[in-house]
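Visitor: pasted the sequence and its predicted model underneath.
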Amino acid sequence: DTGVSQNPRHKITKRGQNVTFRCDPISEHNRLYWYRQTLGQGPEFLTYFQNEAQLEKSRLLSDRFSAERPKGSFSTLEIQRTEQGDSAMYLCASSLPPRTGNTGELFFGEGSRLTVL
Amino acid sequence: QKEVEQNSGPLSVPEGAIASLNCTYSDRGSQSFFWYRQYSGKSPELIMSIYSNGDKEDGRFTAQLNKASQYVSLLIRDSQPSDSATYLCAVKGYSNTGKLIFGQGTTLQVKP
């Protein structure tokens, strides 16, 4: 499978615990995005990497959230001291850099569903 | 005002009818526009992208863009029950990040 891979697919944790999600993008994609989606809403942008550099982070993103992409390949999203409001689907997407003929399409993984009790 | 707005629906149409989904956006500098389909419990998948004013057709799907009115729409002809899903409008702004801003999605129900 050469698509975007995310794990774990489901995570149930207790409030106050830390959780980490991993995303493996499509191999030739140098851009990687994290989104969060709650029921009935569209995906909400969290942060974005180009290669290993984190180029943008949502102003709405709490400092309990941190993302890394140390070697420009896979990425991790860590949530510290989880709260019930963090319960959501965390989506990872990847894309090619903009150039002629590139649609700018984001390819999404299947997501990691977090439930905070 | 939200950056990308969609009517959440649900929009209900009979099988074989035309479904019309609408989206407005606030950033006049937006350059690229996308329609994603999302089945319940699944991740979004791209249906169509459009960059220029006018219509773009792909099979049963037609995307329409009017930058002056900051409006983009998706028409689904000969709607099938398998088209029942949430349709997400996404907009790429002027910046070079490639970040897409999504609307809340419109739920479409196609009744047999």
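Guide: Right, received. Where do you want to start? These numbers were taken from a predicted model, which means no experiment stands behind them. Numbers count the residues shown, from 1 in each chain, chains lettered A, B, ... in the order given.
Visitor: can you list the residues of chain A near chain B?
Guide: For chain A, the residues in contact with chain B (Cβ under 8 Å from any Cβ of the partner chain) are A:31, A:33, A:35, A:40-45, A:48, A:55-56, A:91, A:95, A:97-98, A:103-111. In this view, the C-beta of every residue, glycine as well, is placed from N, C-alpha and C.
Visitor: show me which of those residues are buried.
Guide: Among those, the ones that count as buried by 16 or more other Cβ atoms under 10 Å in any protein chain shown are A:31, A:33, A:35, A:41-45, A:48, A:56, A:91, A:95, A:103-111.
Visitor: so B:V72, which of the three states?
Guide: The three-state label given to B:V72 by DSSP: H, G, I helix; E, B strand; the rest coil is strand.
Visitor: so it is in contact with B:N66, correct?
Guide: Yes: using Cβ atoms under 8 Å, B:V72 makes contact with B:N66 at a distance of 7.5 Å.
Visitor: list the contacts for the residue of chain B found nearest chain A?
Guide: With Cβ to the nearest Cβ as the measure, B:F102 is the residue of chain B nearest to chain A, at 3.4 Å. With contact set as Cβ atoms under 8 Å, 6 or more residues apart in numbering or on different chains, B:F102 has these partners: A:Y35, A:G42, A:P43, A:E44, B:V4, B:Y36, B:L88, B:C89, B:A90.
Visitor: so which helix or strand takes in the spatially most central residue of chain A?
Guide: For chain A, the residue whose C-alpha lies nearest the mean C-alpha position (Cα atoms, centre = their mean) is A:W34; its distance is 2.8 Å. Under the criterion of DSSP states H and E, A:W34 resides in strand A:31-37.
Visitor: which helices and strands sit right next to that strand?
Guide: In terms of contacts (3 or more Cβ pairs under 8 Å, 6 or more residues apart in numbering or on different chains; DSSP states H and E), strand A:31-37 is packed against strand A:44-50, strand A:75-79, strand A:88-95.
Visitor: can I get the ones you listed in CSV with mean pLDDT?
Guide: As requested, the helices and strands packed on strand A:31-37 are exported to CSV (pLDDT from 0 to 100):
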stretch, mean pLDDT
strand A:44-50, 94
strand A:75-79, 97
strand A:88-95, 96
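Visitor: how about the ones you listed, which one is nearest A:V4?
Guide: Using Cβ to Cβ as the measure, strand A:88-95 is the one of the helices and strands packed on strand A:31-37 that comes nearest A:V4, at 5.5 Å.
Visitor: which strands and helices sit next to the closest one?
Guide: Using 3+ Cβ pairs under 8 Å, 6+ apart, the elements in contact with strand A:88-95 are strand A:5-7, strand A:19-24, strand A:31-37, strand A:75-79, strand A:107-108, strand A:112-116.
Visitor: centre of the chain to the shortest one, how far?
Guide: Between the mean C-alpha point of strand A:107-108 and the mean C-alpha point of its chain there is a distance of 11 Å (Cα atoms, centre = their mean, to the nearest Å).
Visitor: hmm, who's touching it?
Guide: By Cβ under 8 Å, 6+ apart, the list of residues contacting strand A:107-108 reads A:3-4, A:26, A:29, A:91-95, B:43-46.
Visitor: same question for the first one.
Guide: The set of residues that contact strand A:5-7 without belonging to it, under Cβ under 8 Å, 6+ apart, is A:F21, A:R22, A:C23, A:D24, A:Y90, A:L91, A:C92, A:G109, A:E110, A:G111, A:S112.
Visitor: switch the cut-off to 10 Å
Guide: Strand A:5-7 is contacted from outside by A:21-26, A:74-75, A:77, A:89-93, A:108-113, B:43, using Cβ atoms under 10 Å, 6 or more residues apart in numbering or on different chains.
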